[in-house]
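Colleague: Here is my input, please return the structure:
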Amino acid sequence: QVQLVESGGGLVQAGGSLRLSCAASGIIFSINAMGWYRQPPGKQRELVATITSGGSTNYADSVKGRCTISRDNAKNTVYLQMDSLSPEDTAVYYCNLVGRVSWNSGWKDYWGQGTQVTVSS
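Modeller: Numbering: from 1, shown residues only. Model prediction:
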């Protein structure tokens, strides 16, 4: 069983910053990638950023230049530094992990419970 625990969400004024953290625990044999997705009110979940075990990153166009994803492989933890936040960034942010629990098991998606980020104007 893999657990993802997010922290760092909250209320911030427009132009402010937040840093989200997500720690993975449980039986994890191998991690391919970790990342962040978000679901704005009334909308579908969307990609924010991902980072592979090798350090390759991918960002949604809407956050490029404002967000930085990083990862501590030793701690199985991923971070999302968000700067210059705007009300459009208001959403529930979900941590994602693509991994497998044994050498002969398939890759699976695991999700955190989500953390609310609210940006006031």
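
Colleague: Just the element for residue 102, please.
Modeller: Using DSSP states H and E, residue 102 sits within no helix or strand.

Colleague: Quick check: closest non-adjacent residue to the residue nearest the centre of the chain.
Modeller: Nearest to the geometric centre of the chain sits residue 36, at 2.3 Å (C-alpha atoms, centre = their mean). With sequence-adjacent residues excluded and distances taken as C-beta to C-beta, 6 or more residues apart in numbering, residue 36 is closest to residue 48, at 4.2 Å. The way it works is simple: take the backbone N, C-alpha and C, and place the C-beta from them, glycine included.

Colleague: Now that the one you found has come up, it's in contact with residue 89, right?
Modeller: No - assessed by C-beta atoms under 8 Å, residue 48 is found out of contact with residue 89, at 9.2 Å.

Colleague: so what sits against both of the two?
Modeller: With contacts defined as C-beta atoms under 8 Å, 6 or more residues apart in numbering, the residues shared by residue 48 and residue 89 are 38, 63.

Colleague: This protein: helices as residue ranges?
Modeller: Ranges of helices in the chain, per DSSP state H: none exist.

Colleague: where do the strands sit along it?
Modeller: For the chain, the strands defined by DSSP state E occupy 2-7, 10-13, 18-26, 30-39, 46-52, 57-59, 67-72, 77-82, 91-100, 108-111, 115-120.
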